[in-house]
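>>> structure of the sequence below:
(chains A, B, C and D)
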Amino acid sequence: MTYSAREMMAVVAAREIKDGDIVFCGTGISMLAAMAAKHISAPNSVIFFETGAIDAQLEEVPMAVGDPRVMLGAAVHGSLADAFAFMQNRTTGEHVVGILGAAQIDPYGNLNSTSLGDYNAPRVRFSGSGGACDVGSFVGRTILFMQQETRKFVPRLDYLTCPGFLDGGNGRERAGLPHGGPEVVITNMATFRFDADTRHMYLAGCYPGVTPDQVLERMGFAVPVDRARPVLPPDDRELGILRNKCDPQRLILGD
Amino acid sequence: MTYSAREMMAVVAAREIKDGDIVFCGTGISMLAAMAAKHISAPNSVIFFETGAIDAQLEEVPMAVGDPRVMLGAAVHGSLADAFAFMQNRTTGEHVVGILGAAQIDPYGNLNSTSLGDYNAPRVRFSGSGGACDVGSFVGRTILFMQQETRKFVPRLDYLTCPGFLDGGNGRERAGLPHGGPEVVITNMATFRFDADTRHMYLAGCYPGVTPDQVLERMGFAVPVDRARPVLPPDDRELGILRNKCDPQRLILGD
Amino acid sequence: MNPGSEKVISMREAVDRFVPDGAHLSIGGFTVNRNPMAAVYEIIRQKKTGLHLYAHSNGQGVDELIGGGCVARLEIAYAGSGRFAPTCVRFRKAVQSGRLQVEDYSNYQMTMRFAAGAMGVPFLPVRSGMGTDLVNRWGFTPEMRQSDERLPDLKLAALDNPFGNWADAPNVLLVPAIRPDVTIIHVQSADRAGTVRIEGLPFTDIEQAKAARRVIVTCEELVPTETLREHPEYNQLPFFCVDAVVHVPHGAFPTACYRHYDYDPAFLNQYREWALDEERHARYLQRYIKDTPDHQAFMALQDPAQLGRIKADPRTGYAVGLDRR
Amino acid sequence: MNPGSEKVISMREAVDRFVPDGAHLSIGGFTVNRNPMAAVYEIIRQKKTGLHLYAHSNGQGVDELIGGGCVARLEIAYAGSGRFAPTCVRFRKAVQSGRLQVEDYSNYQMTMRFAAGAMGVPFLPVRSGMGTDLVNRWGFTPEMRQSDERLPDLKLAALDNPFGNWADAPNVLLVPAIRPDVTIIHVQSADRAGTVRIEGLPFTDIEQAKAARRVIVTCEELVPTETLREHPEYNQLPFFCVDAVVHVPHGAFPTACYRHYDYDPAFLNQYREWALDEERHARYLQRYIKDTPDHQAFMALQDPAQLGRIKADPRTGYAVGLDRR
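Here you go, the predicted model:
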């Protein structure tokens, strides 16, 4: 079966979700990945929206985390204060994996979803942090979605909205942030992970037909490529679930 | 009609409650005063329990603020966090009048409900603060119930559980406490108020048949008596309401 | 705050009395859900200006107030409507053209700021944001902060944990309480005294209401006090917190009101197109808001068939199978 | 914390697995309401000792654990059962004889301490207690605090407001988070995975549960997951917070469980008399707790007619007209 880049990204992310994980979803493709994981590999994972809907039984894809579709069949409808406390709380927070996207990412997995140019007179303004800064601060693991574009992989962010490993090494610890940090970056061409010591990004996987050089051409900074391995394409079962169970209207997968 | 000292105290307290007040009640006679006020003089006052039951429609007298009787017909069942936030919040807190009792009171209206003797090896141990310290700290006005006994009106508390005016004058302000403080002390013989400048207690009223000297004999410190006025006894309507509507089983009024 | 038992007034009167020009206004709801839109449109109709707006993660209400020319300053965690507008359109234009001053916080920071206001404490601690530009870059100038006594002098403050490394936290950020002049929320049910029942997710509506000096509640249904009091555990806001109750069906339209109606995808998509173009946006404002006397008239301009399509299914609380492309 | 879906075990196993000697234990409920009494009795049966107990304002659960010899240290706001025991009897005896170390906090301070634990912050600020002995006198010694890493080094800490006089607060007290090893709460309904529905006042049960490493939920009724999930807004604790679910009818007896049964005034009055006398108290412990294998056997010793009398009326949730003298 042929598949789109979005479908590949959703399936690659779904594979990162472990059974029993509490999956923090944002809008868009991250919700789809979480829905897919529950069907594919992690039936006992919990879908968790920052809006306070815990373990929602999604029948339709939500268009926003405040969509009434996130409320159906949940275990609890908490407030926003409750929702984030589950991540800040170490006992539950340890089990949370957060899925985030952004306009820019830097070599240490920090994200910008606030603005481009001068913050006080921005060239382009985005929505702002939302829960991204909190999730990036609190939880044990994050999965980051990015488009593979030079303007998005930048050596220095215009605005640091969501902490990854800050300036690398034990930067999080020095700043006083809880343990954690980004685990993987998933793009439309490749996956990246972070060195255990330096916390610098490296190329971890290339999608079928993609070479490391093609990836590097679409980045504003260099990363080591020697640890790169091929990433398996989505199989028929994965694609079927994604298309038929998760997003039959192709609201997020697109045309 | 004849009446008991407890009945007199409850009625005197009920008269202090203004229409529209939010009345913080503890267990015992303070609940009765709040119930009576709603029937007598302040129909739109709100009975408020620290346990989070707001404007309960009491049909039977509760035996504790955690009694399920406080839940009936309430506007909201909040958590304890919610309940105290209404008092700490200035917009709502200004409207709250708190009714408190204690084992000891000092000349500035500070209360002890924790222990007698050395705190770390007490001669007598009581329940502890409960909400008393919070109410005394947060709200605009408090009404204090005491038995008129020398061992209870003491120049210096064994333990300061609940702040009145601390060391007098602007003591609350110096400590950083919100505005407020005790408005009146109601005993089985008399009422006391606090001087607007020194914040020292003075005798404000004597019950029928009681002289200032009799009151002073039952106190461990001296207070000015020149502002004392007679306090009217409960009338038939007040007594009828108290006995028939508030505590027909005489659970709190006693035999 | 009003301990009375009768607070039902018209939307016009509520906005006129409690939302003066320059007010510090907080609105409830989240992205495409339970924004108090009828109140938002009335604020635009009454040409309120210079508002200092607080919102958590809106959405339609924020974007329309900005587009209506009512807002001078904004404090917010997320200005978007999900897939309908990942960044609010009029918000983006206003910021990029320098017409709107913004102070950015994270979702949880904003939540704790409303909670601090509700609790009556000057700040609450959070463990998020250390090392980020949410801490390092401030939107409001120190001069502006000092000139408005309704604003704290600092965006936020760092604190070493006085309890050592207790809770594994060497340090925290303190975020200051928000204390709005007035908060407006839209809910499913209220009684005439203002006791509120929200169904589904409450977002930060309750904290926003408790943090404010004045509270306007707009509701889909005005219900008898006795009905609400049969189950006090399902109510969230007691009447004495509330100053005005406005009964306005479809009061959250075009955003959703769980168990009543879904968001209107057609309107939201159409709005995005209008908002992107100055002329079309001006025509929208004129026709739908300025030329309508009230929300009922605004709703009369909507397609009745579409209003039927967005009606909530009783089982799910939203419109099952609604075309949302 | 356990993301699984099947957690129903026996009371014996729950206490055996999650409440070791010396545990930092937190119990829910308030004065004469929803104390997790069946669990309390099982802890006494299993002769647990050296517990560090956290409770908000109990009540029967605290007094029986102390009387049973299980508790070495206690942090609490209020140790009483209302009119039945304005000061808990065995608590008073234990403190006055030097057998129990106590750290006193106010009601709101204790609430915020559990809330801080639940939220994952090291402390929360309060504006109550400045100038009182709650600040000036400490019950636990600095040495004891330093020797137990489950305790913060300080009872509380003062802080000047970093935001000047924002919110009219020149200064605040910071109270440290409570982080129990295990919390036990008794609720009306739970499913087999541990999702919890409390009816009526929740007290601080939810904060206490979220603050703990392990959570035991005891419930009157074990209900299907689907039933709870028809109304997620009425549930308070999601299943993944919970480690064990124990189905134990009358699990709060002799304290009340709203909409199920009232407190038992006869038992509470009788208990007070027993508790006041060493010999009678020892006989009570032997007969009612040590000689019974479980809560069912304990309940079998109660007068069936009295159990009928305390049954809750469906309208009020308590036993109307119950003789409570």
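
>>> tell me which residues touch C:F267, please.
Applying Cβ atoms under 8 Å, 6 or more residues apart in numbering or on different chains, we find C:F267 in contact with C:F253, C:P254, C:Q302, C:Q306. For the C-beta atoms, the positions are set from N, CA and C on the backbone; glycine is no exception.

>>> how far away is the first one from C:V320?
Right, C:F253. 19 Å (Cβ to Cβ, to the nearest Å).

>>> do the third one as well
In this structure, C:Q302 and C:V320 are 20 Å apart, going by Cβ to Cβ.

>>> and for the second one?
Using Cβ to Cβ, one obtains 19 Å as the distance from C:P254 to C:V320.

>>> equivalent analysis for the last one, please.
The spacing between C:Q306 and C:V320, counted by Cβ to Cβ, is 15 Å.

>>> nearest residue to A:F86 in space, please, no chain neighbours.
A:T92 (4.6 Å; Cβ to Cβ, 6 or more residues apart in numbering or on different chains).

>>> pull the contacting residues for the one you found.
Per Cβ under 8 Å, 6+ apart, neighbours of A:T92: A:I22, A:F86, D:M1, D:K210, D:F240, D:C241.

>>> let's see if you can find the most crowded of those.
A:F86 (31 neighbours; other Cβ atoms under 10 Å in any protein chain shown).

>>> how much space between that one and C:S189?
Taking Cβ to Cβ as the measure, A:F86 falls 28 Å from C:S189.

>>> cool, and A:N89?
According to Cβ to Cβ, A:N89 stands 32 Å off from C:S189.

>>> who's more crowded, those two?
Using other Cβ under 10 Å, the more surrounded residue of A:N89 and C:S189 is A:N89, with 23 against 19.

>>> just to revisit the earlier point, in CSV: the contacts of A:T92, plus pLDDT and distance to C:V8.
Shown next, in CSV, are the contacts of A:T92 (pLDDT from 0 to 100; distance: Cβ to Cβ, whole Å):
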residue, pLDDT, distance to C:V8
A:I22, 95, 43
A:F86, 96, 38
D:M1, 84, 46
D:K210, 98, 38
D:F240, 97, 43
D:C241, 97, 40
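
>>> chain C contacts on the stretch 151-255 of chain A?
Contact residues, the stretch 151-255 of chain A versus chain C (Cβ under 8 Å from any Cβ of the partner chain): A:159-163, A:166, A:171-172, A:175-178, A:249, A:251-252.

>>> hmm, back to that, which of the contacts of A:T92 sits closest to chain B?
D:K210 (12.1 Å; Cβ to the nearest Cβ).

>>> what residues are up against the closest one?
Counting by Cβ under 8 Å, 6+ apart, D:K210 touches A:A85, A:F86, A:N89, A:T92, D:G117, D:A118, D:L237, D:C241.

>>> follow-up on the earlier one: which of the helices or strands spans the residue nearest to A:F86?
A:T92 is part of helix A:90-93 when elements are defined by DSSP states H and E.

>>> can you give me the offset of that helix from its chain's centre?
Centre-to-centre, helix A:90-93 and its host chain are 19 Å apart (Cα atoms, centre = their mean, to the nearest Å).

>>> can you pull out the helices in the stretch 51-200 of chain A?
Under the criterion DSSP state H, counting those that start in this stretch, the stretch 51-200 of chain A contains helices at A:80-88, A:90-93, A:132-138, A:171-175.

>>> okay if I get the ones you listed as TSV plus distance to D:P125?
Listed next are the helices of the stretch 51-200 of chain A as TSV, based on distance: least, Cβ to Cβ, whole Å:
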stretch	distance to D:P125
helix A:80-88	16
helix A:90-93	21
helix A:132-138	20
helix A:171-175	22
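
>>> hey, what's A:F192 bridged with?
Per DSSP bridges, the residues bridged to A:F192 are A:V185, A:L203.

>>> I figured it hits A:C206, correct?
No - under the criterion of Cβ atoms under 8 Å, A:F192 makes no contact with A:C206, lying 10.5 Å away.

>>> comparing the two, which residue is more hemmed in?
Per other Cβ under 10 Å, whichever of A:F192 and A:C206 has more neighbours is A:F192, with 26 against 20.

>>> now for the more buried one: which residues touch it?
A:V184, A:V185, A:M201, A:Y202, A:L203, A:A204, A:V223.

>>> by neighbours, which of those residues wins?
A:M201 (27 neighbours).

>>> got a list of what it touches?
Per Cβ under 8 Å, 6+ apart, neighbours of A:M201: A:P107, A:Y108, A:G109, A:V185, A:F192, A:R193, A:F194, A:D195, A:V223.

>>> against B:N188, how distant is the second one?
When you say that, I think you mean A:Y108. The gap separating A:Y108 from B:N188 is 72 Å, by Cβ to Cβ.

>>> of these two, which one has the most company?
Each of A:Y108 and B:N188 has its neighbours counted (other Cβ under 10 Å); A:Y108 has more, 23 against 17.

>>> pLDDT at that one, what is it?
Predicted confidence (pLDDT) for A:Y108: 98.

>>> do I have it right that it meets A:F165?
Yes - the pair A:Y108 / A:F165 is scored as a contact, 4.2 Å apart, by Cβ under 8 Å.

>>> can you work out which residues contact both of those two?
By the contact definition Cβ under 8 Å, 6+ apart, A:Y108 and A:F165 are jointly contacted by A:G171, A:F194, A:R199.

>>> what's in contact with stretch C:127-137?
With Cβ under 8 Å, 6+ apart, stretch C:127-137 has contacts from A:88, A:110, A:114, A:119-120, A:129, A:133-134, A:136-138, A:159-163, A:166, A:171-172, A:175-178, C:104-106, C:108-109, C:156, C:158, C:169, C:171-173, D:120-121.

>>> give me the buried subset of those residues.
A:88, A:110, A:114, A:119, A:129, A:133-134, A:136-138, A:159-163, A:166, A:171-172, A:175-178, C:104-106, C:108-109, C:156, C:169, C:171-173, D:120-121 (16 or more other Cβ atoms under 10 Å in any protein chain shown).

>>> can you pull the contacts of the residue of the stretch 51-200 of chain A found nearest chain C?
Residue of the stretch 51-200 of chain A nearest chain C, by Cβ to the nearest Cβ: A:A64 (2.3 Å). With contact set as Cβ under 8 Å, 6+ apart, A:A64 has these partners: A:T27, C:T31, C:V32, C:N33, C:G80, C:S81, C:G82, C:R83, C:F84.

>>> just give the number of residues close to the closest residue to it other than its chain neighbours.
Once flanking residues are discounted, A:A64 sits nearest to C:G82: 2.3 Å by Cβ to Cβ, 6+ apart. Residues lying near C:G82 (other Cβ under 10 Å) number 25.

>>> mind listing the strands for the stretch 101-250 of chain A?
In the stretch 101-250 of chain A, the strands defined using DSSP state E, counting those that start in this stretch lie at A:104-105, A:111-112, A:115-118, A:121-125, A:141-145, A:182-186, A:190-194, A:201-206, A:229-230.

>>> now those strands as TSV including mean pLDDT?
As requested, these are exported to TSV (pLDDT from 0 to 100):
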stretch	mean pLDDT
strand A:104-105	98
strand A:111-112	98
strand A:115-118	98
strand A:121-125	97
strand A:141-145	96
strand A:182-186	98
strand A:190-194	98
strand A:201-206	98
strand A:229-230	96
